[in-house]
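Engineer: coords below, sequence missing:
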């Protein structure tokens with residue numbers, strides 16, 4: 001059974017119920033809810049107050065990105081008169097409907113879609129300008145191609161209500177709309193047509209700086225946090241001069257951005273896309289008038305002729321981004337930014353079918369040999385090391401853990417932690433999330449995205465990800481408490497956790513999040529060294 005079939009069949013029915021129920025519940029409550037009004041720089045907005053939390057959704061933070069504004073830096077937001085309703089999610093950027101997050105439909109809401117997508121959402125406990133609450137700005141996953149700040153798992157209600165922070169989630173341009181590079185191939189009109197999606201995020205952070213006090217937040221205490229592609233965005237921001245001063249702490253979950261796309265590769269991608277659209281370089285003005293669906297078709301890996309996917313991501317353009325974010329080292333620009341970073345134990349099970357159960361020894365050997373690109377003897381040596389360190393793990397567990405440990409999901413955050421810590425100017429805190437979900441008979445284990453509802457402290461809202469076990473709430477309180485403590489002070493320690501020590505390359509202190517949380521120096525050291533040795537051989 002392939003990834004799509006496995007995830008979609010087992011989640012679709014329950015997820016549809018969850019999404020519909022959430023939407024109906026909000027509609028039913030909103031008729032009785034208070035409707036607070038806040039003054040922003042551009043005008044007044046009206047939100048909703050539910051369960052003691054004020055929510056404002058679909059707030060514009062930039063001008064329209066349609067027509068001639070396609071691919072260009074975000075325009076300044078134009079003021080409005082009167083009171084604008086901010087009670088419904090704004091459009092998300094056009095994207096492929098069968099993309100990765102579509103395979104876990106329980107995280108989605110039925111959101112509108114459109115190019116005019118520069119919208120954000122705010123959750124807060126209080127609207128006084130002297131609130132001075134920490135501000136946490138969430139950058140969604142989905143690579144640089146898909147996703148939305150409006151997914152159910154990103155709802156900020158519980159973080160605001162239980163932990164007294166202001167939560168902001170952001171929609172911005174993605175895929176071809178956010179990362180098509182035209183600065184070299186176009187005329188002077190396109191000189192700034194580069195990294196539009198990252199420029200959008202900077203504009204959202206500028207909106208936070210200029211407006212968040214009205215929502216009880218402290219513009220001088222802003223944490224950017226994100227997962228997967230969102231972690232890549234966080235990492236990229238750390239190397240962008242235009243983002244300097246707009247955030248003060250950073251959290252990267254299950255993702256990293258060691259390098260960005262070179263200008264040469266970005267130009268090659270642009271030429272490929274133009275060819276697929278039957279356009280010459282002298283005809284790029286026509287890109288403004290083509291339907292969004294046609295543009296998406298030009299980048300689809302399942303498009304006409306089974307065309308190969310293209311890479312649309314942040315570009316080292318010499319303007320917004322002048323270097324690779326974390327290569328060869330961490331950016332000095334953000335040397336003073338505290339960083340919290342980590343990954344889950346079996347990240348890869350979101351992107352590939354789980355191992356068969358039971359998995360015999362021959363099957364495990366075959367899978368490990370393929371994942372590590374080694375012969376059977378080398379695979380057996382690695383397996384023996386993992387068996388020693390994880391005596392209770394099944395063959396299926398070991399297969400998924402080893403495949404994850406050699407993947408960028410694990411190696412990227414580990415490298416970023418090492419390089420940021422090497423600068424020695426700000427603390428780094430590393431985590432490892434190893435709690436196994438019982439969903440799908442436990443086959444997905446600790447899959448990519450699983451830590452998100454624990455971080456947002458609303459595991460009951462997405463039982464299709466977390467199950468219904470009694471240990472979930474306690475773990476969510478510990479993780480959300482750590483994340484918000486870090487946002488408040490730059491240190492994730494709180495009374496619910498054992499001491500979480502700073503990470504450095506020598507001791508490699510790591511907080512393991514599971515039913516029992518524990519702080520360990522260099523956990524699974526022998527496994528780490530074995531994977532490093534195999535990787536070094538493969539690079540030769």
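Structural biologist: Arrived safely, thanks for sending. Just so you know, these numbers come straight off a predicted model, no measurement behind them.
Engineer: any idea which element the residue located most distally from the centre of the chain lies in?
Structural biologist: In the chain, the residue that sits farthest from the middle, by Cα atoms, centre = their mean, is residue 377; the gap is 37.5 Å. Assigned by DSSP states H and E, residue 377 falls within helix 376-389.
Engineer: okay, buried residues for that helix please.
Structural biologist: 378, 379, 382, 383, 385, 386, 389 (16 or more other Cβ atoms under 10 Å). Yep, even glycine has a C-beta here, placed from its N, CA and C like the rest.
Engineer: in TSV: those residues, plus distance to residue 287 and pLDDT.
Structural biologist: Listed next are the buried residues of helix 376-389 as TSV, based on distance: Cβ to Cβ, whole Å; pLDDT from 0 to 100:
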residue	distance to residue 287	pLDDT
378	49	96
379	49	97
382	49	98
383	51	98
385	52	98
386	50	98
389	53	96
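Engineer: as CSV, those residues with distance to residue 461 would be great.
Structural biologist: Below are the buried residues of helix 376-389 laid out as CSV (distance: Cβ to Cβ, whole Å):
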residue, distance to residue 461
378, 44
379, 41
382, 39
383, 38
385, 39
386, 34
389, 35
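Engineer: before we move on, the earlier item: any idea how far residue 424 is from the residue farthest from the centre of the chain?
Structural biologist: Distance of residue 377 to residue 424, computed by Cβ to Cβ, to the nearest Å: 41 Å.
Engineer: same thing with residue 455?
Structural biologist: Residue 455 is 27 Å from residue 424, by Cβ to Cβ.
Engineer: same question for residue 315.
Structural biologist: 30 Å.
Engineer: who has more neighbours, those two?
Structural biologist: Higher neighbour count among residue 315 and residue 424: residue 315, with 26 against 10, using other Cβ atoms under 10 Å.
Engineer: and the more buried one, backbone torsions?
Structural biologist: Main-chain torsions, residue 315, degrees, to the nearest 10: phi -120, psi 140.
Engineer: and it, bridged to which residues?
Structural biologist: Taking DSSP bridges, one obtains residue 261 as the residues bridged to residue 315.
Engineer: what helix or strand does the closest residue to residue 471 other than its chain neighbours sit in?
Structural biologist: Residue nearest to residue 471 in three dimensions, not counting chain neighbours: residue 515, with 4.9 Å by Cβ to Cβ, 6 or more residues apart in numbering. If you go by DSSP H and E, residue 515 is not part of any helix or strand.
Engineer: find the nearest non-adjacent residue to residue 57, please.
Structural biologist: Residue 57 sits nearest to residue 121 (Cβ to Cβ, 6+ apart), 4.6 Å away.
Engineer: what about the residue nearest to residue 471, how many neighbours?
Structural biologist: 12.
Engineer: same question for residue 246.
Structural biologist: Counted with other Cβ under 10 Å, residue 246 comes out at 21.
Engineer: check the gap between the closest residue to it other than its chain neighbours and residue 324 for me.
Structural biologist: Using Cβ to Cβ, 6+ apart and skipping the chain neighbours, the partner closest in space to residue 246 is residue 205 (3.9 Å). As judged by Cβ to Cβ, residue 205 and residue 324 stand 21 Å apart.
Engineer: more neighbours, the two?
Structural biologist: residue 205 (25 against 19).
Engineer: what pLDDT does the model give the spatially closest residue to residue 320 that is not a sequence neighbour?
Structural biologist: Nearest residue to residue 320 in three dimensions, chain neighbours excluded: residue 195, at 4.6 Å (Cβ to Cβ, 6+ apart). Note for residue 195: predicted pLDDT of 98.
Engineer: neighbouring contacts of stretch 513-532?
Structural biologist: With contacts defined as Cβ atoms under 8 Å, 6 or more residues apart in numbering, stretch 513-532 is touched by 372, 381-382, 385-386, 388-390, 402, 405-406, 431-435, 451, 454, 471, 475, 478-479, 497-501, 507-512.
Engineer: same question but for stretch 180-195, I mixed them up
Structural biologist: 71-73, 179, 196, 261, 263, 266-267, 269-271, 273, 281, 284, 287, 312, 314-315, 317, 319-321.
Engineer: now, which of the residues you listed lie within helices?
Structural biologist: 179, 196, 263, 266, 267, 269, 270, 271, 273 (DSSP state H).
Engineer: isn't residue 393 right up against residue 399?
Structural biologist: No - between residue 393 and residue 399 there is no contact under Cβ atoms under 8 Å: 9.6 Å.
Engineer: which of the two has more residues huddled nearby?
Structural biologist: Taking other Cβ under 10 Å, residue 393 and residue 399 do not tie; residue 399 has more neighbours (27 against 15).
Engineer: what's near enough to touch that one?
Structural biologist: Counted by Cβ under 8 Å, 6+ apart, residue 399 has contacts 355, 359, 363, 364, 367, 368, 371.
Engineer: just want the angle from whichever strand or helix holds the last one to helix 376-389.
Structural biologist: Secondary structure assigned from DSSP H and E places residue 371 in helix 361-372. The directions of helix 361-372 and helix 376-389 differ by 100 degrees, with axes from the mean of the first three to the mean of the last three Cα atoms, to 10 degrees as the criterion.
Engineer: elements contacting helix 361-372?
Structural biologist: helix 376-389, helix 395-405, helix 525-539 (3 or more Cβ pairs under 8 Å, 6 or more residues apart in numbering; DSSP states H and E).
Engineer: so for it, what gets flagged as buried?
Structural biologist: Applying 16+ other Cβ under 10 Å to helix 361-372 flags 364, 365, 367, 368, 369, 371, 372 as buried.
Engineer: what does it contact?
Structural biologist: Counting by Cβ under 8 Å, 6+ apart, 355-356, 359, 374-376, 378-380, 382-383, 395, 398-399, 402-403, 406, 531, 534, 538 sit against helix 361-372.
Engineer: so who does residue 390 touch?
Structural biologist: By Cβ under 8 Å, 6+ apart, the neighbours of residue 390 are 397, 398, 401, 524.
Engineer: most neighbours, which of those?
Structural biologist: Neighbour max across those (other Cβ under 10 Å) = residue 401, 24 neighbours.
Engineer: my guess is it contacts residue 387, does it?
Structural biologist: No - taking contacts as Cβ under 8 Å, residue 401 lies outside contact range of residue 387: 11.1 Å.
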